[in-house]
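Let me see the structure of the following:
(2 chains)
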Amino acid sequence: MITHHPNDALLLDYASGAASEPMSLLIATHLALCPSCRRKVADYEAIGGAFVSNCGSEKISRELKSETLASLDDFLDVETCHDTSIGTRSDEPKAGIPQPLSDYCGEVDNKDVWQWAGFGIKKIPLLEIHDKFECYMLAIRGGKKVPSHDHGGSEWTLVLDGAFTDEAGHFSRGDMVEMREGEEHQPMADAGKDCICLVVAEAPVSLTGSVGRFLNPFIGN
Amino acid sequence: MSFEYTPQFDTSRSDFVELNGFVDGMSSHQPSVTGRGSDDERLAHWLSLVAEKRDKISFGYLFDHLAPKIKGFLRKNGTSEVSLDDLTQEVMIKIWRYAGQFDQKKGKVTTWVFTIARNARIDLIRKENRPEPDVNDPVMVNDPPNRSDDILFAKQTSTRISEAINELPDEQKEILKYAFFEEKSHAEIAAQTGLPLGTVKSRIRLAFQRLKKTLTELDI
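From the prediction side, this is the model:
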């Protein structure tokens, strides 16, 4: 049961198209696990539809219309999208990394995709070309604590497997937590199972405390 | 739902010039083809003929009705003059190609068109991907059986949703306009307006709650 959802502002960013690719990846992965946020995004898209239908009309040249009509024959077959999962998808939630994230991170059961980051932490960097956000998968060994760290910008963590507890509560599959600039936390993975998360951070994370400062190069980049 | 809808509130009170354009666009709204039923129903009818019969005449109606709005929407989103016609054409061709994917139960034609225009801009202008959940992913969690408020927005006409937007306080309307007309994220809106991030977030939340309330009352 998901109890921590992205806020309305993040869902609106995703629906309007303003969200960057890393943020869209984060929200879309949450949406795969959360029907109620999918519903909200659809509602925001309906608001977008109302904005389109109320746009002042622009003049369209006759050439543009005739050119468009002339190119229709290139696409005579209508493309459909069958939901082949109907009947195969059970109401029992299924474990695993959902699409679209699995396209980005590869096979997480394969040890080779993970980079060792020290102190029971492994990571897979994602979307490294992006300049405004850092985006990575994080695996915290069951029972381990991530060194206390604060945040140079906002940081969002989506739990995909296992669970962790920090000052703000307990987070398990599908839960998303937002840490604001200057906020500090020390997540600890539940014992018995690695906690796998998707993390998007606005600016490099800075670790506090003596161990934290030592870990900084591992977590940050 | 008539086409001669006139906004019920005093637009002169708004100090938000662009927003008056939003309202003006609505009051001067004219159908390209007359007939019975709402705008939404007509668009859905033409689109179904395009999907099932590859009917070019219906596509022509869709073009006349939608292309001017799509172009207007893309211009507001900051699409450069040189790309405007190309992108409008791209969106119209996608409507032709993917007409079979439109599902009337999930929402209005204009909502579907909005998502196509949004994705085309991200793809062709920003050259980024926009990750989406995949309905065929076995890991995806199923929708619960429909609750009444689940389909609140989907079953409203675009006109009703527009009316509800127009009834929002200006400060909330302004945020939605930044989001949908200028494709600004809530953080960018805060930076541009100088409003604290928390204020922008709460206005978004309040706007959504208020729209839901208005549409629920309309529904009774």
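
Got the domain ranges for chain B?
Listed by automatic domain parsing, the domain ranges of chain B are B:36-133, B:148-220.

what's the answer for chain A, then?
A:8-59, A:103-220.

Figure out which of those domains is closest to chain B.
domain A:8-59 (3.2 Å; C-beta to the nearest C-beta). From N, CA and C alone the C-beta is placed, and that goes for glycine too.

OK, contacts around the closest residue to A:K65 other than its chain neighbours?
Once flanking residues are discounted, A:K65 sits nearest to B:F63: 5.8 Å by C-beta to C-beta, 6 or more residues apart in numbering or on different chains. Each residue near B:F63 by C-beta atoms under 8 Å, 6 or more residues apart in numbering or on different chains is listed here: A:60, A:65, A:68-69, B:92.

can you redo those as CSV with neighbour count?
Shown next, in CSV, are those (neighbours: other C-beta atoms under 10 Å in any protein chain shown):
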residue, neighbour count
A:I60, 20
A:K65, 16
A:T68, 23
A:L69, 15
B:M92, 27
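
For the residue nearest to A:K65, what is the enclosing helix or strand?
Using DSSP states H and E, B:F63 maps to helix B:56-76.

chain center to that helix, what's the gap?
13 Å (C-alpha atoms, centre = their mean, to the nearest Å).

hey, where'd the strands end up in chain A?
A:115-116, A:121-126, A:134-140, A:149-150, A:155-161, A:163-166, A:169-172, A:176-179, A:184-185, A:188-189, A:195-201, A:206-207 (DSSP state E).

Report the strands that pair with the fourth one, each with its relative direction.
Put plainly, it is strand A:149-150. If you go by DSSP bridges, strand A:149-150 pairs up with strand A:184-185 (antiparallel), strand A:206-207 (antiparallel).

What of the third one?
The partner list of strand A:134-140 in its sheet, established with DSSP bridges, is strand A:121-126 (antiparallel), strand A:195-201 (antiparallel).

So for it, mean pLDDT?
Averaged over strand A:134-140, pLDDT sits at 95.

what comes into contact with that strand?
Under C-beta under 8 Å, 6+ apart, the answer for strand A:134-140 is A:22, A:25-26, A:105, A:108, A:114, A:120-127, A:146, A:157, A:162, A:164, A:187, A:189, A:194-201, A:203-205, A:220-221.

next one: the first one
For strand A:115-116, contacts defined as C-beta under 8 Å, 6+ apart pick out A:122-125.

Could you tell me the least trusted of the domains of chain B?
Of all the domains of chain B, domain B:148-220 has the smallest average pLDDT, which comes to a mean of 90.

re the thing from before, pull out the buried residues from the helix holding B:F63.
B:58-63, B:65-76 (16 or more other C-beta atoms under 10 Å in any protein chain shown).

circling back: of the contacts of strand A:134-140, keep whichever come out buried.
Buried members of the contacts of strand A:134-140, counted by 16+ other C-beta under 10 Å: A:22, A:25-26, A:105, A:108, A:114, A:120-124, A:126-127, A:146, A:157, A:162, A:164, A:187, A:189, A:194-201, A:205, A:220.
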